[in-house]
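1. Provide a 3D model corresponding to the input given below.
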Amino acid sequence: MKGKWQIMSMAMWNKDYFDMIEPAYISFNDKDEGILVFGCISARLTCSLTTTDVDFTFEGQDEMEATSGEGWAELQPDGSLEGEISFQNGDETSFTATKW
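-> Numbers count the residues shown, from 1 in each chain. Have a look, this model is predicted:
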């Protein structure tokens, strides 16, 4: 689970949006921290990692406005990640990612 994962699809947004500024990604390190970047969103994660899944909360910026929420991801048999990101305001989306 540790490392950088490129977000390949999101149910709520298309690739033009989530790769708008840079290629979208989510990353996890061995200090239970991470980063989430997509669209105009940049956030720091606080994680609970195992070898096959992660739960996280996040705080960051969305178009210079504070944003926060939570999410999870699970390692799939093919080596990809599938998960969900839920924002404090109620928006939520599923996503898939591949190891970068």
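
2. which pLDDT value does the model give F95?
-> You'll see F95 listed with a pLDDT of 98.

3. ok, it - contacts?
-> By CB atoms under 8 Å, 6 or more residues apart in numbering, the contact list for F95 reads I7, S9, M10, A11, I26, A73, L81, E82, G83, E84, I85. The way it works is simple: take the backbone N, C-alpha and C, and place the C-beta from them, glycine included.

4. for the fifth one, give me phi and psi.
-> In this case it means I26. Main-chain dihedrals, I26, degrees, to the nearest 10: phi -130, psi 140.

5. break down this structure into its strands, ranges please.
-> Secondary structure of the chain by DSSP state E: the strands cover 3-10, 25-28, 33-38, 41-49, 53-62, 65-75, 81-87, 92-99.

6. can you list contacts of the fifth one?
-> By that I understand strand 53-62. Strand 53-62 is contacted by residues 1, 28, 34, 36, 39-48, 66-75, 83, 85 when judged by CB under 8 Å, 6+ apart.

7. switch to 6 Å and redo it
-> Residues outside strand 53-62 that contact it (CB atoms under 6 Å, 6 or more residues apart in numbering): 1, 28, 36, 40-43, 45-48, 67-74.

8. quick one: mean pLDDT for it?
-> Average pLDDT, strand 53-62: 97.
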